[in-house]
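Trainee: My questions are about this predicted structure, shown below with the sequence.
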Amino acid sequence: MYPKAIITDLDNTLLRSDKTVSERTKAVLRRARERGIYVMAASARPERVIRSFCGDIEFDAVTALNGARILLPGSVLENTIPRESGELVLSGLVRLPGALISAEMSDGLYSNRPIPEWDTRIFDGFPRLPEGRLYKLLVSGVICREAEAALTGDTYLTPIEGGRIYQVMSLEATKWRGVQEMLSAYHLEPREAAYFGDDYDDIDPIKNCGLGVAMANSIPEVLSAADAVTGPSDEEGVAAFLERALDLRS
């Protein structure tokens, strides 16, 4: 049975290492939509970055910020970190020597030191938060148990980029929850979806969707959870799999 929805992670999955999507991949996703298959994205990235990377790709729904924002037809769901909890977590993180901390707020990304590739705004007020809603915190330069010690009862920590960075999220904000909400908006069940991913936060969707596909460049935990493995992102693995499995060749 062909899936009724294709859901894909972005970094190291749909995106090549230069953060672009090939014309071949775009064409395959267009053909999928023309066939009546929904195309959705699930990413740790905020919408502004998703738009800049994915250009003219039409997504029927998007899980952004690992489920802190879920963009559905006609509505947006938010799963933010309460301000008090965020400042309590930050009070622990700022005490860690060498910690590089950033906060994804409703008006952009703030950090305690420059992060040129993320175009952050410098903020020297942590553990106090800037004004606005807090979607997630990111920290690097620390070890996992140090960051975990700063958590509150309504937050959790997950590694990204192979464990180089840790992100702190609301317990309500997960990619898997985002996937469920996106599918529900179109009256679909997880068994009717194919999911592509490569990192820790992709494990639950890969396990629970009808078809879970790991990229060849995935972490070992994703490879072991997947139903199938496709080529690496730099070799257009998502497009190659869809062309072959769903006969979406031009």
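Mentor: Alright, I've got the coordinates. Numbering: from 1, shown residues only.
Trainee: all helices for this protein, in order.
Mentor: 23-34, 47-54, 83-93, 144-148, 175-185, 203-208, 220-225, 237-245 (DSSP state H).
Trainee: and the fifth one, C-alpha only, in CSV?
Mentor: Once non-C-alpha atoms are left out, helix 175-185 reads as follows in CSV (Å, rounded to 0.1, in the frame of the first residue of the first chain):
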residue,chain,number,x,y,z
LYS,A,175,8.4,15.6,16.8
TRP,A,176,6.2,12.6,17.3
ARG,A,177,3.4,14.7,18.8
GLY,A,178,3.8,17.1,15.8
VAL,A,179,3.5,14.1,13.4
GLN,A,180,0.4,12.9,15.1
GLU,A,181,-1.2,16.4,14.9
MET,A,182,-0.3,16.9,11.3
LEU,A,183,-1.7,13.5,10.3
SER,A,184,-4.9,14.0,12.4
ALA,A,185,-5.5,17.3,10.6
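Trainee: Give me the buried stretch members for that helix, please.
Mentor: 175, 176, 177, 178, 179, 180, 181, 182, 183, 185 (16 or more other CB atoms under 10 Å). Where you see a C-beta, it was placed from the backbone N, CA and C, and this is true even at glycine.
Trainee: returning to what we had before: now the helices of the chain in CSV, with distance to residue 196?
Mentor: What follows is the helices of the chain, written out as CSV (distance: least, CB to CB, whole Å):
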stretch, distance to residue 196
helix 23-34, 11
helix 47-54, 14
helix 83-93, 31
helix 144-148, 26
helix 175-185, 12
helix 203-208, 8
helix 220-225, 10
helix 237-245, 5
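Trainee: Out of those helices, which gets nearest to residue 137?
Mentor: With distances scored as CB to CB, the stretch of these nearest to residue 137 is helix 83-93 (6.1 Å).
Trainee: packing partners for the closest one?
Mentor: Contacts defined by 3 or more CB pairs under 8 Å, 6 or more residues apart in numbering; DSSP states H and E place helix 83-93 against strand 100-105, strand 134-140.
Trainee: which residues touch the last one?
Mentor: Residues outside strand 134-140 that contact it (CB atoms under 8 Å, 6 or more residues apart in numbering): 46, 65-66, 68-69, 78, 80-83, 86, 89-90, 93, 96, 99-106, 147, 164-169, 173.
Trainee: Which PyMOL command selects the buried ones in those?
Mentor: Those of the contacts of strand 134-140 that count as buried under 16+ other CB under 10 Å are selected in PyMOL with:
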select buried, resi 46+65+66+68+69+80+81+86+89+90+93+96+99+100+101+102+103+104+105+147+165+166+167+168+169+173
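Trainee: Show me how the chain divides into domains.
Mentor: By the assignment in automatic domain parsing, the chain contains the domains 5-78+173-245, 83-170.
Trainee: Out of those domains, which one sits most buried?
Mentor: domain 5-78+173-245 (a mean of 20; mean count of other CB atoms under 10 Å).
Trainee: first to last residue in that one, what's the distance?
Mentor: End-to-end distance for domain 5-78+173-245, by CA to CA, to the nearest Å: 14 Å.
Trainee: Looking at the helices and strands packed on helix 83-93, spot the one closest to residue 53.
Mentor: Using CB to CB, the helices and strands packed on helix 83-93 put strand 100-105 closest to residue 53, at 16.2 Å.
Trainee: Let me know the angle separating the closest one from helix 83-93.
Mentor: Angle of strand 100-105 versus helix 83-93, following axes from the mean of the first three to the mean of the last three CA atoms, to 10 degrees, is 170 degrees.
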